[in-house]
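[1] Starting from these lines, generate the structure:
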Amino acid sequence: MLKFKNGYAFLSDMPIKIDLIDWFKMRRFDSNLRFVDLLKQSAFFSVYKVEKDGSLYVFKMQKLEERKFDYIQHESNVLGRADDVEGITHLVEHYGVIGGYAALLKEYAEGNTVDKVYSQCDGSAIMSILKSTVEALHVKGIANVDMHSGNVVISPDYSRATTIDLNEAVFLDIVGKDRFTSAILDDEQDLYRLQDNYLNPQRISANF
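    Below you'll find the model as predicted:
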């Protein structure tokens, strides 16, 4: 049950709060959503873990301003093209724009980011999953995946890796071959950086 105080809505049984204005905006987009947790918030974005029909999802909302790029529309386009790619959080619904805000609903990846649990992982297996995901996206004409430690979630059993945010990605047919090739190289460097910093077997074994 929600309780309201000083412009925030509090869950009565947990010390978690949601901005009251955001709560009403979220309900305007989808009255069946139930707030669970705040995942991230900035001047333009609010990202919440929500529940709908017994399943957990991510609700992402952007405040649109004049000349401000619609990242929600862009991420929806990316996820729509990558709907059969494994290892990402797939689009559930693109809500469009209501009252100057854009929003979408996508899958929620249970687990922790790789920087928090890397010492428990099979680094080689996780790197293989991530490389397969990036290669599958490249085949779809999608690059600049932004594969950093906070953007990769490892499942509770440490067997799966999921890339959770593709709003910085670019399309080959929009940016052209040269920019796309550069983005592919950026993705490869991000993968090497993840491996060197977190998923190198020697580094992992040293933490046991």
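[2] give me the number of residues near S128?
    Using other Cβ atoms under 10 Å, S128 has 12 other residues around it. Placement of C-beta: from N, CA and C, glycine included.
[3] for L64, that is, sorry about that
    By other Cβ under 10 Å, 17 other residues sit near L64.
[4] Domain ranges for this structure, per the record?
    With domains defined by automatic domain parsing, the chain comprises 2-107, 112-205.
[5] Buried deepest among those, which one?
    The highest mean neighbour count among the domains of the chain, using mean count of other Cβ atoms under 10 Å, belongs to domain 112-205: a mean of 17.
[6] Assign the nearest residue to D146 once chain neighbours are set aside to helix, strand or coil.
    Nearest non-adjacent residue to D146, counting by Cβ to Cβ, 6 or more residues apart in numbering: E168, 4.6 Å away. Under DSSP: H, G, I helix; E, B strand; the rest coil, the three-state class of E168 is coil.
[7] Give me the distance between E168 and Y198.
    Relative to Y198, E168 is positioned 20 Å away (Cβ to Cβ, to the nearest Å).
[8] correct me, but E86 touches T133?
    Yes. Here E86 reaches T133: they are 6.7 Å apart, a contact under Cβ atoms under 8 Å.
[9] gap between the closest residue to V117 other than its chain neighbours and S119?
    Ranked by Cβ to Cβ, 6+ apart and with sequence neighbours excluded, the top spatial neighbour of V117 is I154, at 5.1 Å. Per Cβ to Cβ, I154 is found 11 Å from S119.
[10] ditto for E110
    Counting by Cβ to Cβ, the gap from E110 to S119 is 19 Å.
[11] show me where pLDDT drops low in the chain?
    Along the chain, the parts satisfying pLDDT under 70 run over 1-19, 67, 201-208.
[12] switch the cut-off to 90
    Scanning the chain for pLDDT under 90 picks out 1-25, 35, 41-44, 65-69, 119, 121, 147, 199-208.
[13] mind listing the strands in this structure by residue range?
    Here the chain has its strands, by DSSP state E, at 2-5, 8-11, 17-19, 34-41, 45-52, 55-63, 91-98, 101-107, 112-113, 142-143, 152-154, 161-163, 170-171.
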